[in-house]
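S.K.: got a predicted model here, sequence first, then my questions.
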Amino acid sequence: MQIGRWQHQTGGSSGSKGGSPSGRFSRTSRESGRSASFGGPRRSSSSSYGGSRGGNRGGYGGGRPSVRRGGFGSFGETEAEISKFMSKAVVTTEEPVFVAEHTFADFDVNLHLKKNIAARGYISPTPIQDKAIPHVLLGQDVVGLAETGTGKTAAFLIPLIDKVMKQKGERILIMAPTRELAVQIEKELAGFAKGLGFRGMVAVGGANITPQIRDLKHNPAFVIGTPGRLKDLMERKALDLSGFGTVVLDEADRMLDMGFIDDMRLILSKMRKERHTLFFSATMSKEIERLIGDFLESPVVISVKTRDTSKNIDQDVVRIPRGKDKFDVLVELLKERDFTRVLVFGRTKYGVEKLAKALSRLHIHAESIHGNKTHPARMRALDAFKAGKVSVLVATDVAARGLDIPAVSHVINYDLPSTYEDYVHRIGRTGRASNKGIALTFVQGR
């Protein structure tokens, strides 16, 4: 069955008579009001991955329907919401080119740090780095809002490394919503701080707590962790935050969504009262605005967002006709030559694991990431995907925030996201920096 040809339909709505030819995946422009449709007879493979007939509520594998703000269900259950999944990548020569006010060499930071920055190929800052770093160097509280993939991590790490170098005994706490993001931040820290004589450590759940307790005894300058594990370490008297005067809340909106608000408040209450607080995120909500009011003191608000989703991402929907198994559709898409590194999002931990195993049985190299996997297993899966050892990573929304995975060709929303914000973060894993990407969202036939 040949699909993925991105042909334009000339008549009929998706899934209707006169739609796409049998076995073709057809794509139409957003302006026409028609979306991609997948036609053709149902495959009779014994390895077919079922469970899609129940619609999008509850997903596959019998999982609970995800809770959506304001009720139960998913984002994308009305035609108005589905239209937000369709957007052509913007190709224009009229958009002004960003010209940074600084180079990294201009910043008043430690000379050895400058050498490390240059060794990593950093010359001209991204907009969020250019605007935020000077304020962080001055010790001001900062709220930084920027689209995903724009270098927020370096925007806070570089000035805070300099702070540690210049202020003896300064200690930094960085909170992140997921284990993977915390580990990624620590790796960035190791690169920028190479040879500077201090250390950082990661404190995340799903990993053996004993080595983390041992690392904390060395009083690392940077402690990077998830709220749950940080709280656990505090309760064990292994982590004393009274000496920490600087905190970074990275992707705090996600931490709020994950129910960490009470842990976050407790953790911050144990730090020095005179606190330097940095808040970086890709989205802003009313809940987050209240959080900023509680946690930050007269912050400098820096927003370099131009739109919710990157202009480099070609977005569309794949309408699954009634009676068609969406797993079969996914398999045929993944066989296409240009689907080289694909991130597939599902809703439930059980469903994601089952989907990855079903793909592997069909010799489509897939790994999974979800909350039921141990931290080492999740990192092995992520590293294999980054290294190109597997072509498909199936994940819950734990992989939707902050992760920098190079050259993701496609993001596929196999299950609908719970909110539009979740959709924005999911598809932000592709089309990063100057790269182009494609995001496809599966929508069951109505």
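M.R.: Ah, there it is. These numbers come from a predicted model, not from an experiment.

S.K.: phi and psi next, for the residue nearest to residue 340 when sequence neighbours are not counted.
M.R.: Using CB to CB, 6 or more residues apart in numbering and skipping the chain neighbours, the partner closest in space to residue 340 is residue 409 (4.6 Å). To be clear about C-beta, it is placed using only N, CA and C from the backbone, and glycine gets the same treatment. Per-residue torsions, residue 409: phi -80, psi -40 (degrees, to the nearest 10).

S.K.: what's the spacing between residue 409 and residue 430?
M.R.: According to CB to CB, to the nearest Å, residue 409 stands 7 Å off from residue 430.

S.K.: now the nearest residue to residue 296 once chain neighbours are set aside: how far from residue 237?
M.R.: Excluding the flanking residues, the one nearest residue 296 by CB to CB, 6+ apart is residue 141, at 4.5 Å. Distance from residue 141 to residue 237, counting by CB to CB: 29 Å.

S.K.: more neighbours, those two?
M.R.: residue 141 (19 against 8; other CB atoms under 10 Å).

S.K.: wait, the more buried one sits on residue 299?
M.R.: Yes - between residue 141 and residue 299 there is a contact under CB atoms under 8 Å: 4.0 Å.

S.K.: give the residues shared as contacts by these two.
M.R.: Shared contacts of residue 141 and residue 299 (CB atoms under 8 Å, 6 or more residues apart in numbering): 277, 279.

S.K.: pretty sure residue 267 contacts residue 229?
M.R.: No - judged on CB under 8 Å, residue 267 makes no contact with residue 229 at a distance of 10.8 Å.

S.K.: all strands of the stretch 201-350 of the chain, in order?
M.R.: Along the stretch 201-350 of the chain, the stretches classed as strands by DSSP state E, counting those that start in this stretch are 222-225, 246-250, 276-281, 300-303, 313-320, 342-345.

S.K.: out of the ones you listed, flag the one nearest residue 372.
M.R.: strand 342-345 (16.1 Å; CB to CB).

S.K.: alpha carbons of the closest one, as PDB, please.
M.R.: Provided in PDB are the C-alpha atoms of strand 342-345 (Å, rounded to 0.1, in the frame of the first residue of the first chain):
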ATOM      1  CA  VAL A 342       9.500   9.900  14.400                       C
ATOM      2  CA  LEU A 343       8.200  10.800  17.800                       C
ATOM      3  CA  VAL A 344       4.700   9.200  18.400                       C
ATOM      4  CA  PHE A 345       2.600  10.500  21.300                       C
END
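
S.K.: starting from that strand, tell me which strands it pairs with and how they run.
M.R.: As defined by DSSP bridges, the strand partners of strand 342-345 come to strand 392-395 (parallel), strand 410-413 (parallel).

S.K.: what does that strand rub up against?
M.R.: 330, 334, 355, 366, 385, 391-397, 399-400, 405, 408-415, 417, 426, 429-430.

S.K.: what residue ranges in the chain score low on pLDDT?
M.R.: The chain contains residues with pLDDT under 70 at 1-73, 88-98, 147-149, 305-310, 401-402, 433-434, 446.

S.K.: show me where it has its helices.
M.R.: Using DSSP state H, the helices of the chain run over 79-82, 111-119, 127-137, 152-166, 179-192, 209-216, 227-235, 252-257, 261-269, 286-295, 326-334, 349-361, 375-386, 420-427.

S.K.: now render the ones you listed as JSON lines, adding mean neighbour count and distance to residue 198.
M.R.: Shown next, in JSON lines, are these (neighbours: other CB atoms under 10 Å; distance: least, CB to CB, whole Å):
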{"stretch": "helix 79-82", "mean neighbour count": "13", "distance to residue 198": "48"}
{"stretch": "helix 111-119", "mean neighbour count": "16", "distance to residue 198": "11"}
{"stretch": "helix 127-137", "mean neighbour count": "22", "distance to residue 198": "18"}
{"stretch": "helix 152-166", "mean neighbour count": "23", "distance to residue 198": "6"}
{"stretch": "helix 179-192", "mean neighbour count": "21", "distance to residue 198": "10"}
{"stretch": "helix 209-216", "mean neighbour count": "15", "distance to residue 198": "13"}
{"stretch": "helix 227-235", "mean neighbour count": "19", "distance to residue 198": "20"}
{"stretch": "helix 252-257", "mean neighbour count": "22", "distance to residue 198": "25"}
{"stretch": "helix 261-269", "mean neighbour count": "16", "distance to residue 198": "22"}
{"stretch": "helix 286-295", "mean neighbour count": "14", "distance to residue 198": "26"}
{"stretch": "helix 326-334", "mean neighbour count": "22", "distance to residue 198": "45"}
{"stretch": "helix 349-361", "mean neighbour count": "20", "distance to residue 198": "37"}
{"stretch": "helix 375-386", "mean neighbour count": "18", "distance to residue 198": "24"}
{"stretch": "helix 420-427", "mean neighbour count": "23", "distance to residue 198": "32"}
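
S.K.: how about the ones you listed, which one is nearest residue 315?
M.R.: So among the helices of the chain, helix 420-427 is nearest, using CB to CB, at 6.7 Å.

S.K.: so that closest one versus strand 313-320, what angle?
M.R.: In terms of direction (axes from the mean of the first three to the mean of the last three CA atoms, to 10 degrees), helix 420-427 departs from strand 313-320 by 110 degrees.

S.K.: going forward can the numbers begin at 222, since that is how I track them
M.R.: With 222 as the first residue, the last one maps to helix 641-648.
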